[in-house]
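J.: Predicted model follows, preceded by the sequence.
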Amino acid sequence: MNQLTGKVAVITGAGSGMGAAIARLFAQEGASLALLDLNEQHAKEIAAECAGYGTNTSYHAADVTDSDGVRAAVVAAAAEHGGIDILVNSAGILDETPFLEMSPETFDRTLEVDLKGVFLSCRWAAPEMVKRGGGRIINIASQLGIKGGVNLAHYTAAKAGVIGFTKSLALELAPHHILANVIAPGPIVTPLIDGLSPDWKAAKQAELPIGRFGQAHEVAPTALLLASSPGGDLYTGQTLGPNSGDVMP
């Protein structure tokens, strides 16, 4: 317990799913939290829950595709909490679309949220970490960014981009004592997968050595490892895979 006492964490997509699970665990471990979500009400509800653990928690409505909006939320979070030590990028969208039916608009929208959104949050949070003398960036990707997925070319492209982007961040930000890593989960039971068909889910589950999808609270400890010290001190540019055995590098 208290592995994150004195740390300030910004979490995007904190209103549900993995973002909410990570927020709860970070709160239990003593972090101050700034929770960002497109749905302000959801962010407010998770913030109230996290505040119940005795941590200083704020919430901010933010569309991760809006550069000015993300910047304003990050700056406000840093001002309110005295800086930023940890950034978790968990906001994302997912839908199942066969490639031969995919519109350019669908492809663009997915990359806008799932890849550009990560860039924007990192772009505005990293300078705050430089001011603090270091920090941790944790970007949520997917094992599909490593292996690909049927009817998910747009999502796979975005998540592969997150992995490559994070490796570059790790190299460039290391002199500033900022460590950047990726969590690439397998299928996790969250609202994100509601857009996938029952047939897709059944076929995917049958492929998994563990034989089941994960739960959001089972991913959160990986984020805690990467955010904490000494647990996360030697990780940078790495992709950690709580994925039910779907990818075995």
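T.: Nice, thanks for sending it over. Every value quoted in this text rests on a predicted model; they were computed, and no experiment measured them.
J.: can you give me the helices in this structure?
T.: 17-28, 40-51, 67-81, 104-111, 117-132, 144-147, 153-173, 198-207, 216-227 (DSSP state H).
J.: Pull the residues that contact the third one.
T.: What it means is helix 67-81. 8, 10, 32, 34, 36, 56, 58, 60-64, 84, 117, 120-121, 124-125, 128 (Cβ atoms under 8 Å, 6 or more residues apart in numbering). For every residue, glycine as well, the C-beta is placed using N, CA and C.
J.: about what we covered before: turn the helices of the chain into CSV, including mean neighbour count.
T.: CSV is the format used below for these (neighbours: other Cβ atoms under 10 Å):
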stretch, mean neighbour count
helix 17-28, 26
helix 40-51, 19
helix 67-81, 18
helix 104-111, 14
helix 117-132, 21
helix 144-147, 20
helix 153-173, 19
helix 198-207, 12
helix 216-227, 21
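J.: ok, of these, where does mean pLDDT dip lowest?
T.: Among these, helix 198-207 carries the lowest mean pLDDT, a mean of 92.
J.: hey, C-alpha coordinates of that helix in CSV?
T.: Provided in CSV are the C-alpha atoms of helix 198-207 (Å, rounded to 0.1, in the frame of the first residue of the first chain):
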residue,chain,number,x,y,z
PRO,A,198,-20.9,-12.3,-30.1
ASP,A,199,-19.3,-14.5,-32.9
TRP,A,200,-16.0,-12.4,-32.7
LYS,A,201,-15.9,-12.7,-28.9
ALA,A,202,-16.6,-16.4,-29.0
ALA,A,203,-13.9,-17.1,-31.6
LYS,A,204,-11.4,-15.0,-29.7
GLN,A,205,-12.1,-16.7,-26.4
ALA,A,206,-11.6,-20.1,-27.9
GLU,A,207,-8.1,-19.0,-29.0
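J.: any idea of the pLDDT on the residue lying farthest from the centre of the chain?
T.: Here the chain reaches farthest from its C-alpha mean at L100, the gap being 29.2 Å by Cα atoms, centre = their mean. You'll see L100 listed with a pLDDT of 98.
J.: now do S32
T.: For S32, pLDDT reads 98.
J.: Pull the contacting residues for it.
T.: So S32 contacts K7, V8, A9, T55, N56, T57, H81 (Cβ under 8 Å, 6+ apart).
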